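Novice: coordinates only, no sequence provided:
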């Protein structure tokens, strides 16, 4: 994005903040007024039934029976004045929907920001994470000698020291990039957000993908906002079925569609934003991914797409980590994103 | 509870419903007006750091590092007019905080009911469940040949057919008790709420217990409302430290303190309610537990307690399953409970 195009958006930022009663920057520390919502709740999308004979090794619970897996937990709030389209917030690796809630240092999360800005807001736990169930049958099959140890599911927890560089708090643990916006004084609370990750045990595409499609159609139009490991899911969802998808925002995606082998047709005329924080070129894990996403943007636009890649530092927001929705300037980033969405996704369904 | 004492409470129910703008019974199907909250968010209580060399078997994630486990995820909403004390809602086996949210058939959950009734409302995911992390190290230790299969953690999923009788939908799957209030037409959505349960892998007392104590103190006074498998936790919390505990409600507890071996002193002068649904005497899993809880109530009251055991059918609410917070009359039960709390727990801290 050039300085030219970014200027109107920066002006809109202030307007958005004002219109939605939002305070950003230094004012964000001030308490906001009460929040009035039209309705809220939670439900599941997707899921399938699985029969198993190794559900339990405990006498109190029978080993045989049916369970539901691959469903996706969704929690939502709809503002009274829903002047903007629904957004779906999709967390990344080793995390849950908690990603978008209260920041580690206790500030308002994007979940509430978007509601206050007039977006009906849907926060999910990916299939097999958080409140979305996993199947423990393979563990109990090995425990009871019915299967070999190597058949155990590859369940991963990300250690804090190696994750430090992945989240781009610094080049390596415990070094910190100068100007870092992540509230590292509250890192203890952040580490508690991390959970064991079963993504590698799930089929391809991840069951979150068809679930997102179902959700977008149920909402009769939604903007899918992914982060990191979930970055590819909204693209796979659009490739599956464009119905209900009004825009895609990929925040630091771990992968983008590959112009060398993926069809670009599903992305034609679809507002797409790739949003990146700071220090990306300094991170061996992220710099190559940024390059591949630039190649995707170019290819998608050649094929009639409306894709854009933005480094936050280029629009005046500096020092952002990979967890930019929790950084000290997280609400400035959210306000900037709101302005981008206003400029690129029509506020009402056509 | 005698018919005598229940009558004033039944009268209060209507008053509560009116004062809080709540509609119960047949009127519950009507849409409620917008909800205004003073503040909301989420955070963790408790937790500890664990060093591990078997966090991962995937090349993309390092096997060695520190993770946080045993923390408890808490999501809360504080109403603008918080005229009643904070409540903490604690789910049971194989479930998460979703238990208290939108019912399987799409009606308002107790989480919102209590906010609308003026209670600051805190919903947790127990340690090792949902958004509260587990440690997968033991699985990866076996997968990499560093430990024997029998050391695998006893992770349990409850099968739907055996769970049918535990949830008391009927005597056995798929039979249904006459007059059943659970919305069985939406059972598919209910089964999706169930997750794998690591409770048997955790230390005793469950880390949820000290976390509840920390939470009650942070809130400067709270009513702990448990369900089923979590039933014993609030009692263990009170035995650990009475500070911050203003009342206990055990909904169909899987266990009560045992007068034969447990000290009754922690329960002196503490408002305690044991609340049970219908068909309990017909359920071999639950009838003996009811009996043991009756013995506890008697012993606690002899030792200066203020404990009460109520069968909902005795106060005119019939047909309730074990999942009474999701039954068709769930808001009538919540309104009755609100009236009981008003009568037994002072609305303001003394």
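Specialist: Structure received. Values in this document were obtained by computation on a predicted structure and should not be read as measured data.
Novice: whichever strand or helix holds residue A:209 vs chain B: in contact?
Specialist: For residue A:209, the host element (DSSP states H and E) is helix A:208-218. No - counting by Cβ under 8 Å from any Cβ of the partner chain, chain B is not contacted by helix A:208-218; separation bottoms out at 11.1 Å. Every C-beta, even on glycine, is put in place using the N, C-alpha and C of the backbone.
Novice: could you do stretch A:131-143 as well?
Specialist: Yes - using Cβ under 8 Å from any Cβ, stretch A:131-143 reaches chain B at A:131, A:132, A:133, A:134, A:135, A:136, A:137, A:139, A:140, A:142, A:143.
Novice: quick one: low-confidence parts of chain A?
Specialist: Along chain A, segments meeting pLDDT under 70 span A:1-31, A:347-350.
Novice: where do the strands sit along the stretch 101-250 of chain A?
Specialist: Shown for the stretch 101-250 of chain A, the strands assigned by DSSP state E, counting those that start in this stretch span residues A:121-125, A:222-227, A:245-251.
Novice: so for residue A:279, which of those sits nearest?
Specialist: Taking Cβ to Cβ, strand A:245-251 is the member of the strands of the stretch 101-250 of chain A nearest to residue A:279, at 15.0 Å.
Novice: and that closest one, what does it pack onto?
Specialist: strand A:222-227, helix A:232-240, strand A:271-276, helix A:330-344 (3 or more Cβ pairs under 8 Å, 6 or more residues apart in numbering or on different chains; DSSP states H and E).
Novice: ok, now with 6 Å
Specialist: strand A:222-227, strand A:271-276 (3 or more Cβ pairs under 6 Å, 6 or more residues apart in numbering or on different chains; DSSP states H and E).
Novice: show the secondary-structure elements that the helix holding residue A:209 is packed against.
Specialist: For helix A:208-218, the packing partners by 3+ Cβ pairs under 6 Å, 6+ apart are strand A:35-52, helix A:232-240.
Novice: that one to strand A:245-251, inter-axis angle?
Specialist: 140 degrees (axes from the mean of the first three to the mean of the last three Cα atoms, to 10 degrees).
Novice: so what touches stretch A:278-285?
Specialist: Residues from elsewhere that reach stretch A:278-285 (Cβ atoms under 6 Å, 6 or more residues apart in numbering or on different chains): A:166, A:168, A:177, A:286, A:287, A:290, A:313, A:318, A:319, A:320.
Novice: same list, the helices and strands packed on strand A:245-251, but as JSON lines with mean neighbour count and distance to chain B please.
Specialist: Output for the helices and strands packed on strand A:245-251, formatted as JSON lines (neighbours: other Cβ atoms under 10 Å in any protein chain shown; distance: least, Cβ to the nearest Cβ, whole Å):
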{"stretch": "strand A:222-227", "mean neighbour count": "26", "distance to chain B": "16"}
{"stretch": "strand A:271-276", "mean neighbour count": "22", "distance to chain B": "20"}
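Novice: if we can go back for a sec, for the helices and strands packed on helix A:208-218, which one ends up most surrounded?
Specialist: helix A:232-240 (a mean of 22; mean count of other Cβ atoms under 10 Å in any protein chain shown).
Novice: now do it: which elements does it pack against?
Specialist: So helix A:232-240, by 3+ Cβ pairs under 6 Å, 6+ apart, packs with helix A:208-218, strand A:222-227.
Novice: recalculate using a threshold of 10 Å.
Specialist: Counting contacts by 3 or more Cβ pairs under 10 Å, 6 or more residues apart in numbering or on different chains; DSSP states H and E, helix A:232-240 packs against strand A:87-90, helix A:208-218, strand A:222-227, strand A:245-251, strand A:271-276.
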